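# Output the structure for:
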Amino acid sequence: MPPGDPPALERSTPIARKRRAIVYYKIAGDPVLEAAFATALVRAERILGQQAGDKDKLYELHAPEVERVGKGKARTCYEFGCKTAIATTNEHCKGGQFFLGARSLSGNPYDDHSLAGQIDQVEQLTETSVRRAYVDRGYVIVKRHP
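You can find the predicted model right below:
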């Protein structure tokens, strides 16, 4: 192990071994390679330094926007990814259903808090008012602004 390595980075995990191999054997002294690997190395060090109770964890090295989403089901406690809101047409057209709007929701909001924003997006994109919305059981009826 190279001298001066912090104890948090000395673990024998695959990401720790790859980080050490890149830093000490592949890019040492080469400024072009150091610049190319800078983002990946910062993310790797962030993952290696995380503790069990930390907030704002990094779950995916190549997709930092991935969040932990609580499922509330017995067989799957958590799911990882990004929560999205999708709006489609209700009727099947000749070409199939069409996507009218899609939004990525950061911060894992409640389903009922995302409905108003999705309806506003569809109304803005289609220039028509939404008369009816079908949602799954995660949504609770919320009064809509006039």
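# Name the helix or strand for the nearest residue to residue 135 once chain neighbours are set aside, please.
Closest residue to residue 135 apart from its sequence neighbours, by C-beta to C-beta, 6 or more residues apart in numbering: residue 115 at 6.6 Å. (Glycine included, C-beta is placed from N, CA and C.) When elements are assigned from DSSP states H and E, residue 115 belongs to helix 111-126.
# the strands in this structure, which residues?
For the chain, the strands defined by DSSP state E cover 67-70, 78-81, 83-88, 99-105.
# for the chain, what helix or strand is lowest in average pLDDT?
Using mean pLDDT, DSSP states H and E, strand 78-81 stands out as the lowest-scoring helix or strand of the chain, at a mean of 71.
# pull the CA atoms of that strand into PDB?
Provided in PDB are the C-alpha atoms of strand 78-81 (Å, rounded to 0.1, in the frame of the first residue of the first chain):
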ATOM      1  CA  TYR A  78     -35.700  -0.100  -1.400                       C
ATOM      2  CA  GLU A  79     -35.300   0.600  -5.100                       C
ATOM      3  CA  PHE A  80     -32.600   2.800  -6.600                       C
ATOM      4  CA  GLY A  81     -33.100   5.200  -9.500                       C
END
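# Check which helices and strands the helix holding residue 115 is in contact with.
Here helix 111-126 touches strand 83-88, strand 99-105, going by 3 or more C-beta pairs under 8 Å, 6 or more residues apart in numbering; DSSP states H and E.
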